[in-house]
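quick one, structure for this:
(one chain, ligands or ions: 1)
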Amino acid sequence: MTDLDIRQQPAWRDLGRLAAQMSRARVDSMFAHDPARAERFTLSAAGITLDYSKQRVDQAVMRALGRLAETQGFHAARTALFSGAPVNNSEGRAAWHMALRRPDDAPLHDEVHAVRAAMAEFVDDVRRGRWLGYTGAPISDVVNIGIGGSDLGPRLICDALAQLRQRIHCHFVANVDPADLDDTLIRMDPERTLFIVTSKSFGTAETLANAQVARQWLLDNGASEDDIARHFVAVSTNEEAVRAFGIERMFGFWDWVGGRFSLWSAVGISIALGLGMETFDALLAGAHAMDNHFETAPLETNLPATLALVGVWNNNFLGLPSHVVVPYAQRLAAMPAFLQQLEMESNGKSVTRDGEAVRVETVPTVWGSVGTNAQHAFFQMLHQGVLAADVDFVLPLSDAEAAADDRERQRVANCLAQAEALMRGRDTDALVDELTREGLSGWALEQRLAARRFDGNRPNSMILMDRLDAWHLGALVAAYEHKVFVQGVIWNINSFDQWGVELGKTMAGQLLGELEGSREPADHDASTDALMDRVRRAWGR
Ligand code: F6P
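Numbers count the residues shown, from 1 in each chain. Below you'll find the model as predicted:
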């Protein structure tokens, strides 16, 4: 990594020049001039295919982006990441989630082996009905109580592979809003419900508050204090706090696993409980295949690195302020939320690793929703809005049996059509013909033409999954993790800390104390004071 102002790097300057040229280029004419374009800008690894040929890039751009990554220290950083070096420099920790998904016969830490074995045994007991609730009934429902990285990853996987669910149903409660837990508990049978309190720190206020209410709910429903152990387990790195809470059974992980990179650890136990240990193992294996690719492939053919480079190009050089993720699969509906944390908590930084101000844009706004629903919501803006966005379409392929269903064929066709429409836009001559056939002419025609035309040239990538199964999902998530890492290297920021969320947490504690009357008022701004008064009046305090 280098502490030179990135804008002074020759590759950065080259990219600036290329961006100026590219602002006049059209991707549809690049296709017309280069019959090999689709092939040239398509990569495959671990069952994932990335077609970025509809991005506003050419070979000169990709080469310059590669040079930029190299000068920013990509190779050394990748080696450091995989060797378990403390790449999270503000906390002095490694970011070694890849070590969790190495196969069983690879050298692993003994403790990783030990937790995985304990997890497998526990999962087997619960799934085979040997782990019983306080009335002797087997467990039918698992409620994961956790937030952020202790929620989003397992939730994504459990939703995505819901078709594999057998006997045990997993539920996820994250929000401190009572509605989240209340709406879940109303559907649960206390005799058959297992709570997993998942918190790396075991200090997250929302999680602990919900866990306390869940505990009381069990007691109110006939369980005794001694029964709590049958219904509560914890996943954490903080054994002392887990014991203090009164939970006996804990599955540990380590400070070298970041929260948003933790689904591969015991944080994923709800995946194994709901979908089977073999599914969890397949998830790890798919991620490991992507790790191998990322660790060994050269930049030009490296799929996660290419995702990262294209993102940097769109963000820093084409000036696109948002990155939209649209999975065309209902079961991947949780993916935008997962990626929001992964990308924005990781790279939403404005200082470099050396504590200097970052002088360029870092992460764009990441948002999205599932296709085809999104077409009827925000695609209007993607096609005709003033600000263009960079879109990742994620499309799991299906087999002939699934394609017998007309809706399945529509799912796939819509995804491909949107990607093409964003790139091509609407041909003005054809539109004029159409309007003329409708009987329009003169000013009326001009007016309709203005409203209906769109220019296209809006960049997007297509990410195909050979299948929507655990293995490919593991590979896909690992690809995005590595993308985030590469972008952090290019921007010279630490992708693995999240100090920005701490201030809000501390202030929430202070404000809560003030609202409850247990803390002296702090010096607030007039707006916050007035809002607190309104809240107090609403609460009758
Ligand atoms: O939002 C900040 C954060 O620390 C995330 O990084 C983390 O995933 C989440 O809170 C939950 O933290 P914990 O697992 O310690 O409860």
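
could you export stretch 422-440 as CSV, keeping only the C-alpha atoms?
Output of stretch 422-440 as CSV, limited to C-alpha atoms (Å, rounded to 0.1, in the frame of the first residue of the first chain):
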residue,chain,number,x,y,z
LEU,A,422,-30.4,0.0,-20.0
MET,A,423,-27.5,-0.3,-22.4
ARG,A,424,-29.2,0.3,-25.7
GLY,A,425,-31.9,2.7,-24.7
ARG,A,426,-34.6,3.3,-27.3
ASP,A,427,-33.9,3.9,-30.9
THR,A,428,-35.2,7.3,-31.8
ASP,A,429,-36.0,6.6,-35.4
ALA,A,430,-38.0,3.5,-34.5
LEU,A,431,-39.8,5.6,-31.9
VAL,A,432,-40.6,8.3,-34.5
ASP,A,433,-42.1,5.7,-36.8
GLU,A,434,-44.2,4.3,-34.0
LEU,A,435,-45.5,7.7,-33.0
THR,A,436,-46.2,8.6,-36.6
ARG,A,437,-48.2,5.3,-37.0
GLU,A,438,-50.1,6.4,-33.9
GLY,A,439,-51.1,9.5,-36.0
LEU,A,440,-48.9,12.0,-34.2
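
what residues of it count as buried?
Within stretch 422-440, the residues that count as buried by 16 or more other Cβ atoms under 10 Å are Leu422, Met423, Arg424, Gly425, Arg426, Leu431, Val432, Leu435, Leu440. (C-beta placed from N, C-alpha, C; glycine too.)

tell me which of those residues is nearest to Gly258?
Comparing those against Gly258 with Cβ to Cβ places Leu422 closest, at 33.4 Å.

skipping its backbone neighbours, what lies nearest His323 in space?
Nearest residue to His323 in three dimensions, chain neighbours excluded: Pro364, at 4.6 Å (Cβ to Cβ, 6 or more residues apart in numbering).

try Ser262
Gly149 (5.2 Å).

pull the longest helix from the chain.
What stands out as the longest helix in the chain, according to DSSP state H, is helix 470-491.

follow-up on the earlier one: Val267 is in contact with the residue nearest to Ser262, correct?
Yes - at 7.3 Å, Gly149 and Val267 qualify as touching, with contact defined as Cβ atoms under 8 Å.

with neighbour numbers in mind, choose between those two.
Per other Cβ atoms under 10 Å, whichever of Gly149 and Val267 has more neighbours is Val267, with 28 against 24.

need the three-state assignment for the more buried one.
Classification of Val267 by DSSP: H, G, I helix; E, B strand; the rest coil places it in helix.

got the contact list for it?
Residues near Val267 by Cβ atoms under 8 Å, 6 or more residues apart in numbering: Gly146, Gly149, Ser150, Gly153, Pro154, Thr198, Lys200, Val235, Phe253, Val257.

same thing but 7 Å
Ser150, Gly153, Pro154, Thr198, Val235, Phe253 (Cβ atoms under 7 Å, 6 or more residues apart in numbering).

now the closest residue to Trp131 other than its chain neighbours: phi and psi?
Residue nearest to Trp131 in three dimensions, not counting chain neighbours: Asp125, with 4.2 Å by Cβ to Cβ, 6+ apart. Main-chain torsions, Asp125, degrees, to the nearest 10: phi -60, psi -40.
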